[in-house]
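Student: Turn this into a model:
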Amino acid sequence: MPSEDRTQLALEAIRPRVERFQSAVATTTENIRGLLSGTEDSSEDQSVALGNFASGHVDVERFSAFTRKADRVDAEAEAPIRDAQSVLDKLLKEGDDLFVLKLTEGRSLAAAISRRLTVVGLAFAAAHVTDLAKSGKYDEEQHGMLLDGLAWSDWSQAERALAPGLVIELFSSDFVPGQVAPYLDAGVKIVFVVDGEPPPAAMARVVTPGLFVQQTSSDTALEAFKAYEGTAAAALVEQGAVEFLHDPRVGDTSFERFTTLEFPKEIRKRAIGGISVVQQAEDLALLETLAVVPTLAGEAGSDPAGKLSAWLLNQTNLVGK
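Tutor: Next comes the predicted model:
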């Protein structure tokens, strides 16, 4: 399947979060227009421009509690509020492009995500500026830099919960999923679209008990990812890699949570980008350790209690000591 088609599939998989974010931004923009309508009225200020982003969707909670149309803002507050309005308008005009990150080969994945989320964070920065301005607390020297972007590390937990998610197009040589770990929080969803032969089990590195993780080459396999309400990461890869799905809802133990696990018949032993054969082998070993049901031999194998005891001892490296 062409990369463009896979990117569209990935976008649809994060569509609920994208629409939630866009609806919130559109609602906030309209609230700001209402706030400014008490100052020098313009046809733009009086327009209603929710557009396709929010149409037909339930509005989420506003980023801040904005003043209604009947209220007026002080003259000194108008300029920063109009700047915030402009920022929000530009974010809406970006459309889906805001949520698709296309990496050129050799570019740092972690740095690219950080920069893109800083741009997305402008939505929250604009809300902060508006709130400060209308309450008379805005100071240009102290707060003016907010509209340059808001880094992920400065997002509140509530703001992270409104994050739209990202689709990341990249080459297999740059496919190091572990670099997104700091951003997998508060329901964020990230989908990789990987071009070229990928490391066979790269997504194993981001598996944690409460994280939905999927690696697949199927163009019809992201339905569960889309429906999942929590934090999730997925990768659309070419055939030849391990296919697996780790669903936190399924069980209490790691091997129960792997509802799908298919190893390829043959795994090529060669470095991919900066990922060595040894590192790839470690990824596979990690996946096997997490996903394979433990088996025991000897007397413990016929006794359920003994089987569990032997397995626990094995996990703590006490067997034979």
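Student: C-alpha from now on. contacts and neighbour counts both.
Tutor: Noted.
Student: Next, the most centrally placed residue in the chain: phi, psi?
Tutor: Centroid-nearest residue in the chain: Lys189, 3.1 Å away (criterion: C-alpha atoms, centre = their mean). When read as degrees, to the nearest 10, the backbone of Lys189 gives phi -120, psi 130.
Student: Poorly predicted segments of this structure, please.
Tutor: When residues are selected by pLDDT under 70, those of the chain lie in 1-2, 38-73, 295-321.
Student: Residues contacting the helix or strand that contains Glu288, please?
Tutor: Using DSSP states H and E, Glu288 sits within helix 277-291. Applying C-alpha atoms under 8 Å, 6 or more residues apart in numbering, the set of residues contacting helix 277-291 from outside is 199-202, 204-205, 254-258, 261, 269-271.
Student: nearest to Asp96, of those?
Tutor: Taking C-alpha to C-alpha as the measure, Asp96 lies nearest Ala202 of the contacts of helix 277-291, at 26.7 Å.
Student: got the contact list for the nearest residue to Gln85 once chain neighbours are set aside?
Tutor: Counting by C-alpha to C-alpha, 6 or more residues apart in numbering, Thr29 is the residue found nearest to Gln85 once chain neighbours are left out, at 6.1 Å. Neighbour list for Thr29: Gln85, Leu88, Asp89 [criterion: C-alpha under 8 Å, 6+ apart].
Student: check contacts around the first one.
Tutor: Translated: Gln85. Counting by C-alpha under 8 Å, 6+ apart, Gln85 has contacts Thr29, Ile32, Arg33, Ala126.
Student: Quick check: ChimeraX command selecting the buried ones in the residues you listed.
Tutor: Per 16 or more other C-alpha atoms under 10 Å, the buried members of the contacts of Gln85 correspond to this ChimeraX selection:
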select :29,32,33,126
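Student: Need the max-distance pair from the contacts of Gln85.
Tutor: Arg33 and Ala126 (13.1 Å).
Student: Appreciated, that's everything.
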